[in-house]
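Asker: One predicted model, sequence on top.
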Amino acid sequence: MAEITLRSFTPADRDWLVDQHGRLYASDEGFDGTFGPLVATILDDYIAAHDPSRETGWIAQQGATRLGSIFCVALTPSTAKLRLFLLVPEARGKGLGKRMLATCMGFARDRGYTDMQLWTHRSHEAAGALYKAAGWSLDRETAVTSFGQDLIEQEWTVRL
């Protein structure tokens, strides 16, 4: 079995990542068709204008098979934002998410960010447990209707 590597995101990964987000969130969470286009917009903006000295994305890959993604982008000069953290179901529960989160946080720290934040939903319990174990704090929860679902949005932060 091939080793799992974390490699840099390239524009060639865009369509795969949009498709995975759209399909997985539809099947796992019941999200409607508005979620995939949001992910496409996030990726298009990243491809067009990210600062490679302070922002990056990774694709987890085993052989030729993509397993997930995670991105670190600038929110402010001192705050990084974690985005598009995704693992396909067959890659979950094996420590890969922990490795990807540590890589992203290490990148942010190395680039001089003093803290990070992220946005997610309460229904992502495994991710929430991972964030908590890595020192993140749940700062706010808000009831919303998004992507055709009643959800509890969460905002998490961590000092680096």
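Answerer: Here it is on my side, so go on.

Asker: Quick check: pLDDT value at the closest residue to Leu151 other than its chain neighbours.
Answerer: Spatial nearest neighbour of Leu151, chain neighbours left out: His121 (5.0 Å); criterion: Cβ to Cβ, 6 or more residues apart in numbering. All C-beta atoms are positioned from the backbone trio N, CA, C, and that covers glycine. His121 carries a pLDDT value of 83.

Asker: Next: the one 5 residues further on.
Answerer: For Ala126, the pLDDT comes out at 85.

Asker: Likewise for Thr56?
Answerer: Per-residue pLDDT puts Thr56 at 98.

Asker: Next, it: phi, psi?
Answerer: Taking degrees, to the nearest 10, you get phi -160, psi 160 for the backbone angles of Thr56.

Asker: How about Leu87?
Answerer: phi -130, psi 130.

Asker: That one bridge partners, please.
Answerer: Judged by DSSP bridges, the bridge partners of Leu87 are Gly68.

Asker: isn't the residue nearest to Leu151 right next to Glu29, touching?
Answerer: Yes: the criterion here is Cβ atoms under 8 Å, and His121 meets it with Glu29 at 7.5 Å.

Asker: Point to the residue nearest the middle of the chain.
Answerer: Geometric centre of the chain, nearest residue: Phe85, 1.9 Å, by Cα atoms, centre = their mean.

Asker: dump the residue contacts of that residue.
Answerer: Contact analysis of Phe85 by Cβ atoms under 8 Å, 6 or more residues apart in numbering lists Gly68, Ser69, Ile70, Phe71, Gly97, Met100, Leu101, Cys104, Leu118, Ala127.

Asker: cool, Ile70 as well?
Answerer: Gly57, Trp58, Ala60, Leu82, Arg83, Leu84, Phe85, Leu86, Met100, Leu101, Thr103, Cys104.

Asker: repeat that with 7 Å
Answerer: Trp58, Leu82, Leu84, Phe85, Met100, Cys104 (Cβ atoms under 7 Å, 6 or more residues apart in numbering).

Asker: what about the helices in this structure?
Answerer: With DSSP state H as the criterion, the chain has helices at 14-29, 35-49, 96-110, 125-133.

Asker: helices or strands up against the shortest one?
Answerer: In this case it means helix 125-133. The helices and strands touching helix 125-133, judged by 3 or more Cβ pairs under 7 Å, 6 or more residues apart in numbering; DSSP states H and E, are helix 96-110.

Asker: Would you indicate which residues of the helix it packs on are buried?
Answerer: Leu96, Gly97, Met100, Leu101, Thr103, Cys104, Met105, Phe107, Ala108 (16 or more other Cβ atoms under 10 Å).
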